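1. Sequence plus the predicted model coming up.
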Amino acid sequence: MDKQNQDELKKRAAIKAASLVRSGMKLGIGTGSTVAYLIDELGRRKKEEHLELAAIVTTSSRSKRQMERWGFQVNELAEVDQLDLTIDGADRFATDFSGIKGGGGALTMEKNVAVNSKKIIWIVDESKVVDYLSGFPLPVEVLPISCEQNFRRFQAQGLKPTWRMADEKRFVTHYGNYIIDLNIERILVPQGLAAYLDHMVGVVEHGLFINMCDEVIIAHTNGKIEQRKK
Ligand SMILES: O=C(CO)[C@H](O)[C@H](O)COP(=O)(O)O
């Protein structure tokens, strides 16, 4: 699929998700190019249909700025008890409803917002749907103080780590950490890998999202918009 077609599918999934948002909701907003379409559609609904949200939490400063450009007031996560709904993109969605996220480097905030949401909807184009998590590096956010040790441990485990780069320097997250991408061909047991990463000192967060997504909206090349519920 070329980028233009993929963008069109992302937009259609996003517009469908925006139609599920109701005035009065406390809403979580993810990060990425699919979410950018979501935000524009929510902005349109605010302008034309007077959509008013009770609270909004975004998972990146990029999404925050875009929401504010549409006149939405954005809250800090700490100010909101629980969000009614979070809509986010994903890099891979497996049929067991696990996913890889963090292609945009916002995985830590995305997971924190996700666990504080009553319902989570992901919006994807069909190229991201897989039987087993594969075809996309798994991001792991690590503290600078012990990142070299983490990297070597991943190497020794055969997890094929590479540093996430930006402008020929190590990519730095919102929280001042680095990202190591694990280039694993196929993650057959995501729960096992998640437990390993959860217990590794120096790992801040990782991009395996298991038992979080409740519903996925998939835009297909044949024009169908599929709403798959867990
Ligand atoms: O997890 C994410 C950012 O950290 C994004 O949701 C994910 O990378 C999908 O991005 P896009 O919609 O641009 O394909």
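-> Sure thing, it's come through. Numbers count the residues shown, from 1 in each chain.

2. Let me know the next secondary structure element after the longest strand along the chain.
-> Ranked by number of residues, the top strand in the chain under DSSP state E is strand 117-125. Scanning forward in sequence from strand 117-125 by DSSP states H and E, the next helix or strand is strand 129-130.

3. Quick check: neighbours of the next helix or strand after that following strand in the sheet, parallel or antiparallel?
-> Sequence order places strand 133-134 as the next helix or strand after strand 129-130, per DSSP H and E. The pairing partners recorded for strand 133-134 under DSSP bridges are strand 186-187 (antiparallel).

4. neighbouring contacts of the partner strand?
-> Residues outside strand 186-187 that contact it (Cβ atoms under 8 Å, 6 or more residues apart in numbering): 100, 132-134, 138, 193, 208. (Glycine included, C-beta is placed from N, CA and C.)

5. how does the protein divide into domains?
-> The chain breaks down into these domains under automatic domain parsing: 3-131+210-221, 133-206.

6. Mean neighbour count, these: which tops it?
-> Ranked by mean neighbour count, the domains of the chain are led by domain 3-131+210-221 with a mean of 19 (mean count of other Cβ atoms under 10 Å).

7. rewinding a little: name the nearest of the contacts of strand 186-187 relative to Ile123.
-> Among those, Ile100 lies closest to Ile123 (Cβ to Cβ), at 14.9 Å.

8. quick one: the helices in the chain?
-> 3-18, 33-49, 61-69, 107-115, 147-156, 190-198 (DSSP state H).

9. Quick one, which of the ones you listed gets closest to Lys230.
-> Distance to Lys230, taken as Cβ to Cβ, is lowest for helix 107-115 among the helices of the chain, at 13.8 Å.

10. What helices and strands are in contact with that closest one?
-> When contacts are defined as 3 or more Cβ pairs under 8 Å, 6 or more residues apart in numbering; DSSP states H and E, helix 107-115 sits against strand 83-88, strand 138-142, strand 203-206, strand 208-209.

11. can you redo the helices of the chain as TSV with mean pLDDT and distance to Leu182?
-> TSV is the format used below for the helices of the chain (pLDDT from 0 to 100; distance: least, Cβ to Cβ, whole Å):
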stretch	mean pLDDT	distance to Leu182
helix 3-18	96	24
helix 33-49	98	23
helix 61-69	97	24
helix 107-115	97	13
helix 147-156	98	6
helix 190-198	98	8
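
12. got CSV for the ones you listed, with distance to Ile217 too?
-> Shown next, in CSV, are the helices of the chain (distance: least, Cβ to Cβ, whole Å):
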stretch, distance to Ile217
helix 3-18, 5
helix 33-49, 10
helix 61-69, 18
helix 107-115, 16
helix 147-156, 33
helix 190-198, 21
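
13. so which of the ones you listed gets nearest the ligand?
-> Nearest of these to the ligand, taken as Cβ to the nearest ligand atom: helix 33-49 at 3.3 Å.

14. That closest one packs against which elements?
-> helix 3-18, strand 26-29, helix 61-69, strand 83-88, strand 117-125.

15. Now do the contacts for Ala166.
-> By Cβ under 8 Å, 6+ apart, Ala166 lies in contact with Val172.

16. separation between it and Ser61?
-> Distance, Ala166 to Ser61, using Cβ to Cβ, to the nearest Å: 15 Å.

17. what's the answer for Asp214, then?
-> Distance from Asp214 to Ser61, by Cβ to Cβ: 26 Å.

18. Over to Val172?
-> Counting by Cβ to Cβ, the gap from Val172 to Ser61 is 13 Å.
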